[in-house]
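Novice: The following comprises the amino acid sequence and a computationally predicted model.
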Amino acid sequence: MIDMLHFSAKDRIESAVEVMLFAKINEAIEKVRAGKGKIRLISENQE
């Protein structure tokens, strides 16, 4: 795992994520179902 992190940092590889508030979970689910989300969709609690 450490080797993978070093490789990613060296070659500036970033993950493709989209963060949405948990309050918009229904919208997030629709995006996933429609295939319109990025590679990974993460829900975040609002503070």
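Specialist: Arrived safely, thanks for sending.
Novice: Going by C-alpha atoms from here, please, whenever you check contacts or count neighbours.
Specialist: Will do.
Novice: Can you tell me who the residue nearest in space to the middle of the chain pairs with across the strands?
Specialist: The centroid of the chain falls nearest to Val17 when counting by CA atoms, centre = their mean (2.4 Å). Beta-bridge partners for Val17, by DSSP bridges, are Arg40.
Novice: Check the contact between it and Ile39; I expect there is one.
Specialist: Yes: using CA atoms under 8 Å, Val17 is in contact with Ile39, at 6.1 Å.
Novice: circling back to that earlier point, residue contacts, the residue nearest to the centre of the chain?
Specialist: For Val17, the contact set (CA atoms under 8 Å, 6 or more residues apart in numbering) comprises Lys38, Ile39, Arg40, Leu41, Ile42.
Novice: low-confidence ranges in this protein?
Specialist: Segments of the chain classed as low confidence (criterion: pLDDT under 70) are 47.
Novice: And the helices in this structure?
Specialist: 2-10, 25-34 (DSSP state H).
Novice: most tightly surrounded among these?
Specialist: helix 25-34 (a mean of 13; mean count of other CA atoms under 10 Å).
Novice: helices or strands next to that helix in the packing?
Specialist: In terms of contact count using 3 or more CA pairs under 8 Å, 6 or more residues apart in numbering; DSSP states H and E, helix 25-34 is assigned the packing partners strand 40-44.
Novice: picking up where we left off before, mind putting the helices of the chain into a markdown table with distance to Gln46?
Specialist: Converted to a markdown table, the helices of the chain look like this (distance: least, CA to CA, whole Å):
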| stretch | distance to Gln46 |
| --- | --- |
| helix 2-10 | 29 |
| helix 25-34 | 12 |
